[in-house]
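*Asks:* Kindly generate the corresponding structure for this input.
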Amino acid sequence: MTRPSLIALLATIALAGGPAPAAAQSTEAGIRLLNDVRYLSSDELGGRLTGQPGADSAAAYIARRFEESGLWPSPNGWFQEFTVSPDAPIAKSSGLGGAAARNVIGVLPGRDSGLRDEIVVVGAHYDHLGPGHFGALDSAGPVHNGADDNASGSSALIHIAKRLAAAPPARTVVFVAFSGEEGGLLGSANYVKQPVFPLAATYAMVNLDMVGRIKNNRLIVFGAGTASEFPALLDSLNAAAQFDLKASGDGWGPSDHASFYGAGKPVLHVFTDLHEDYHRASDDWGRIEVDGLERVANYTAEVVRALADRKDPLTFVNVPPPPPPAASASGGGGASLGTIPDMTENPGGVRLSGVRAGSAADKAGLRAGDIIIGIGDMAVPDLQGMTNALGRHKPGDLVEVRFLRDGAEQKVMATLGTRGR
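*Replies:* All right, here's what the predicted structure looks like:
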């Protein structure tokens, strides 16, 4: 999972002992899950940093496990190759500019001739922090193996593939292990731009990120507000699973589902919550709660099956953002357009992967794919330029926004909101 700003608070939490390793009575499927986690989070892979040999080894392993689980390669093969642009906003801070990366893609064809052309995407990122020079909450140097973040989700992805392949659902299910998530959702953004099957055919996306450390039987599912039908569906399937289910929220969280939500697709993010080992070298396989991981994977498999078998369309909801934080004594938040920047490249401005519902950008008519090149009297050559331009204004100011849409320059007037709106 990428590092949201509030996660820095975890840096003050003292390391505590994690749960004991898997119990001997784990099921055969649970043992396979743990074996997958153990390999993906081994020192041998060096923390699976995007562009490094350990990440390539992880990708090859996942492709092999996809095939063993009964999936087919995509029409272009098991791998979707991409290069992290040196001009990407994230490249300077992460050091990933120019890195060669690959998503791993497996396909389970749908069984229903009327629905198999529609797609349910199930995803999990497999990359992590390597030696922890970027994004770590402890000292850099030791290997950050990321057992929960996100060897757990990658292993669950394999488990779900095997479970569904035994009895394929009506729609086609595309399984994607994403690279570059820790560097700014790079792999999922690349997939949305260059989908294996037309994005218009994508029915929904389900994301697994940090699902191996369940506490107090609590399972969190973000994105439940992105389709009107999601809350009832999640509750009905939980009747058998019996989690303390907390399902709510929009689709803008700091993980790969946000790339799909920005493209107008209903999304769900399955999550067992943060813990004291998040983005630390102590996130190792022995702290995975394997029986809980198996239960979460089984529940998610049933969610995916229900979506893939559902006859009716989903009702997409463009969820408004949460209320902004309370204003500080010094004057509150800065001016904001409410845009979601595409962090994968610099096209000579700031390309938008989405806009928040009800934001200044939304009201002005900006949309995903637009490239902002100017705000007020300032040019916007990149993300820093946009930050500088917005810093010249205050909430409530009416400003001209210049942008490119389909190669043509356009202008709109926008009334700036408060950061967080």
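*Asks:* show me what contacts the closest residue to residue 295 other than its chain neighbours?
*Replies:* Closest residue to residue 295 apart from its sequence neighbours, by C-beta to C-beta, 6 or more residues apart in numbering: residue 241 at 6.6 Å. For glycine as for every other residue, the C-beta is placed from the backbone atoms N, C-alpha and C. Shown in contact with residue 241 (C-beta atoms under 8 Å, 6 or more residues apart in numbering): 219, 295, 298-299, 302.
*Asks:* Can you tell me how far the residue nearest to residue 99 when sequence neighbours are not counted is from residue 183?
*Replies:* The spatial neighbour of residue 99 that comes closest, neighbours along the chain excluded (C-beta to C-beta, 6+ apart), is residue 51 at 2.8 Å. Distance, residue 51 to residue 183, by C-beta to C-beta, to the nearest Å: 9 Å.
*Asks:* which residues are common contacts for the two?
*Replies:* With C-beta under 8 Å, 6+ apart, residue 51 and residue 183 have common neighbours 84, 96.
*Asks:* Give me the more crowded residue out of the two.
*Replies:* residue 183 (29 against 22; other C-beta atoms under 10 Å).
*Asks:* buried sites along stretch 69-87?
*Replies:* Under the neighbour-count criterion of 16 or more other C-beta atoms under 10 Å, stretch 69-87 has 69, 71, 73-74, 78-80, 82-85 buried.
*Asks:* Same check on stretch 133-148?
*Replies:* Of the residues in stretch 133-148, 134-137, 143-148 count as buried by neighbour count, 16+ other C-beta under 10 Å.
*Asks:* same check, this time on stretch 219-232
*Replies:* Neighbour-count burial for stretch 219-232, counted by 16+ other C-beta under 10 Å, picks out 219-227, 229-230.
*Asks:* Can you list which of the residues you listed are found in helices?
*Replies:* Among these, DSSP state H puts residue 230 in helices.
*Asks:* Mind checking which of the buried residues of stretch 219-232 land in strands?
*Replies:* Among the buried residues of stretch 219-232, the members falling in strands (DSSP state E) are 219-222.
*Asks:* From those, pick the one nearest residue 285.
*Replies:* Ranked by distance to residue 285 (C-beta to C-beta), these are led by residue 219 at 20.8 Å.
*Asks:* how close does that closest one sit to residue 262?
*Replies:* The gap separating residue 219 from residue 262 is 25 Å, by C-beta to C-beta.
*Asks:* Repeat that for residue 80.
*Replies:* As judged by C-beta to C-beta, residue 80 and residue 262 stand 19 Å apart.
*Asks:* list the contacts for the most centrally placed residue in the chain?
*Replies:* Residue closest to the mean C-alpha point of the chain, counted by C-alpha atoms, centre = their mean, is residue 256 at 1.5 Å. Counting by C-beta under 8 Å, 6+ apart, residue 256 touches 123-125, 178, 181, 185, 187-188, 207, 209.
*Asks:* again, only using 10 Å
*Replies:* Applying C-beta atoms under 10 Å, 6 or more residues apart in numbering to residue 256 gives the contacts 1-2, 103, 121, 123-125, 150, 153, 176, 178, 180-181, 185-189, 191-192, 205, 207-209, 267, 269.
*Asks:* ditto for residue 313
*Replies:* Residue 313 makes contact with 118, 203, 227, 229, 266 under the criterion C-beta under 10 Å, 6+ apart.
*Asks:* if we go to 8 Å?
*Replies:* For residue 313, the contacting residues are residue 203, by C-beta under 8 Å, 6+ apart.
*Asks:* For it, give its distance to residue 266.
*Replies:* Distance, residue 313 to residue 266, using C-beta to C-beta: 10 Å.
*Asks:* where along the stretch 51-200 of the chain do the strands fall?
*Replies:* 72-73, 79-83, 100-108, 119-125, 172-178 (DSSP state E, counting those that start in this stretch).
*Asks:* What helices and strands are in contact with the last one?
*Replies:* Okay, so that is strand 172-178. When contacts are defined as 3 or more C-beta pairs under 8 Å, 6 or more residues apart in numbering; DSSP states H and E, strand 172-178 packs onto helix 53-69, strand 100-108, strand 119-125, helix 152-165, helix 186-193, helix 290-309.
*Asks:* and if you look at the shortest one?
*Replies:* In terms of contact count using 3+ C-beta pairs under 8 Å, 6+ apart, strand 72-73 is assigned the packing partners strand 100-108.
*Asks:* for the strand it packs on, the distance to its chain's centre please.
*Replies:* Relative to its chain's centre, strand 100-108 lies at 15 Å (C-alpha atoms, centre = their mean, to the nearest Å).
*Asks:* neighbours around the closest residue to residue 355 other than its chain neighbours, how many?
*Replies:* In space, and not counting its chain neighbours, residue 355 is closest to residue 361: 4.1 Å by C-beta to C-beta, 6+ apart. Neighbour count for residue 361, taken as other C-beta under 10 Å: 26.
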